[in-house]
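Novice: coordinates only, sequence not included:
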């Protein structure tokens, strides 16, 4: 007969404790040991523990670390998780002294410190991926700085620009999103240790020392917030979600541009799959994979954020182990999408022939004709707009390219103004060329070469700064902790 009197109840063990044990033993084992070492060093330095006792605990910790392979552990019900396993082995080696390590701390501050350490690692990897992607886009934008494309608004051909200018818009948005991620990651740099259960401790602990030994910038100031506030989680996953959301919009453009009817984007054979039945098909399916990977990762982000909704402002399992593990899937899936995006977009090219055809068919340079009439003829923009619109209607009806539309323009000008324009046929051809359109958009942020080059130089400088903040997140093991623990062993 199943024993349901003693803890743990077998169903609780199977559905909660065992999965948690499996999930955290590898994710958190090294971080847990780092926390044990840092806390022990602090207890010794502050005199809360005698030096000889601290040395004995340090020696036992080192032995446990050397003897234990977290990957080989399985949940037996004897120990709730890796924390209690280590504590039990300390007591096996040291007796009651083994329990002294837990002086002035709680599972609460330990757990949130573990979560932050795990998220720091993943965020640093993500930031490195974003750095790589942004550099790849900058390189591509520089190569495509004068490659003409059709820009679309409301799904319709609108105006000429360059592929470099389009990519600069993607880069600027990506840098904004990276900045939001960094702002969220700043909260991962505040250590919860010393908050204990929720109100700190009556012992003279040194919270800054533990934070420093664990590679954090500073302690999380308010001890209640260190345990109860989960804004470091919701803020981080919100920032990650925005990266995926905004790049997802670009992915939609890539799908549209590569459609047969548009044909503006050429996807190379290495990123195209062939139909199993239709030999003519070139399917750029990596676009679809990027789209669904981004959506799946966003879903993981939403899972974490929604789980925190309407939870109490206190310690709770809703923000702890199993939830944290679920969130890591957002980093894994989102990271795959970013890597694929980094390879895909730089490999693509613009089909110049189709761009010209689409530009002519849609009269996308007509705005510059109206602008030219305002500058040269002194017309109001509304007058110029009417003339340009009539010209566009005429050439579209005739199925002629706009560059051959001077007779239509002359007739429209005379009908609106009652006289001939001073623009010659060559003036007209220049005004409606795609190259002229781009070259005259030379204001900051525009597609003209000087303006675009200035923007890309600024983006490159901002991109170079990305790794700086995350450097301390990757300094593991922490040399300061290793040295302090080694000194403790030798005392």
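Specialist: Arrived safely. Not measured: the values here are computed from a predicted model. Numbers count the residues shown, from 1 in each chain.

Novice: and residue 309, how many residues sit next to it?
Specialist: 8 (other Cβ atoms under 10 Å). (C-beta placed from N, C-alpha, C; glycine too.)

Novice: tell me the SS of it?
Specialist: Three-state call for residue 309 (DSSP: H, G, I helix; E, B strand; the rest coil): coil.

Novice: need the phi and psi values for it.
Specialist: phi -70, psi 130 (degrees, to the nearest 10).

Novice: do residue 203 as well
Specialist: The phi/psi pair for residue 203 (degrees, to the nearest 10) is phi -80, psi 150.

Novice: from residue 139, how far off is it?
Specialist: 55 Å (Cβ to Cβ, to the nearest Å).

Novice: which SS state does residue 196 fall under?
Specialist: coil.

Novice: that one touches residue 106, doesn't it?
Specialist: Yes. Here residue 196 reaches residue 106: they are 4.5 Å apart, a contact under Cβ atoms under 8 Å.

Novice: quick one: which of the two has more around it?
Specialist: With neighbours defined as other Cβ under 10 Å, residue 196 and residue 106 compare such that residue 196 has more, 22 against 19.

Novice: how about that one, what does it touch?
Specialist: Applying Cβ atoms under 8 Å, 6 or more residues apart in numbering to residue 196 gives the contacts 104, 105, 106, 108, 109, 223.

Novice: swap the cut-off to 7 Å and go again
Specialist: Residue 196 makes contact with 104, 105, 106, 109, according to Cβ atoms under 7 Å, 6 or more residues apart in numbering.

Novice: just list what the strand or helix carrying the last one packs against, helices and strands only.
Specialist: Going back to what we said before, that points to residue 109. Using DSSP states H and E, residue 109 maps to helix 107-143. Packing contacts for helix 107-143, counted by 3 or more Cβ pairs under 7 Å, 6 or more residues apart in numbering; DSSP states H and E, involve helix 18-45, helix 163-185, helix 223-228, helix 231-258, helix 321-347, helix 449-464, helix 466-470.

Novice: export those helices to CSV and append columns for mean neighbour count, distance to residue 484 and mean pLDDT.
Specialist: Below are the helices and strands packed on helix 107-143 laid out as CSV (neighbours: other Cβ atoms under 10 Å; distance: least, Cβ to Cβ, whole Å; pLDDT from 0 to 100):
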stretch, mean neighbour count, distance to residue 484, mean pLDDT
helix 18-45, 21, 5, 85
helix 163-185, 20, 26, 98
helix 223-228, 20, 23, 97
helix 231-258, 20, 26, 97
helix 321-347, 19, 28, 94
helix 449-464, 16, 33, 97
helix 466-470, 16, 24, 90
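
Novice: and of those helices, who's closest to residue 292?
Specialist: Closest to residue 292 of these is helix 321-347 (Cβ to Cβ; 8.8 Å).

Novice: just give me how far the closest one sits from the chain centre.
Specialist: Mean-position distance between helix 321-347 and its chain equals 9 Å (Cα atoms, centre = their mean, to the nearest Å).

Novice: compute the inter-axis angle for that helix and helix 18-45.
Specialist: For helix 321-347 against helix 18-45, the angle by axes from the mean of the first three to the mean of the last three Cα atoms, to 10 degrees is 100 degrees.

Novice: who touches the next helix or strand after helix 321-347?
Specialist: Next in sequence after helix 321-347, counting helices and strands by DSSP H and E, comes strand 349-350. With contact meaning Cβ under 7 Å, 6+ apart, strand 349-350 is reached by 147, 149, 163, 264, 265, 266.

Novice: give me the below-cutoff pLDDT ranges for the stretch 351-491 of the chain.
Specialist: Residue ranges of the stretch 351-491 of the chain with pLDDT under 70: 475-477.

Novice: 80 instead?
Specialist: For the stretch 351-491 of the chain, the stretches with pLDDT under 80 are 474-477, 491.

Novice: now the helices for it?
Specialist: 352-362, 366-377, 381-398, 406-417, 425-431, 434-439, 449-464, 466-470, 479-490 (DSSP state H, counting those that start in this stretch).

Novice: so which elements touch the second one?
Specialist: Which is helix 366-377. Right, helix 366-377 is packed against helix 381-398, helix 425-431 by 3+ Cβ pairs under 7 Å, 6+ apart.

Novice: buried residues in the last one?
Specialist: Pointing back at helix 425-431 there. 428, 429, 431 (16 or more other Cβ atoms under 10 Å).

Novice: what is the nearest of those residues to residue 16?
Specialist: Relative to residue 16, the closest of these is residue 431; by Cβ to Cβ it sits at 71.7 Å.
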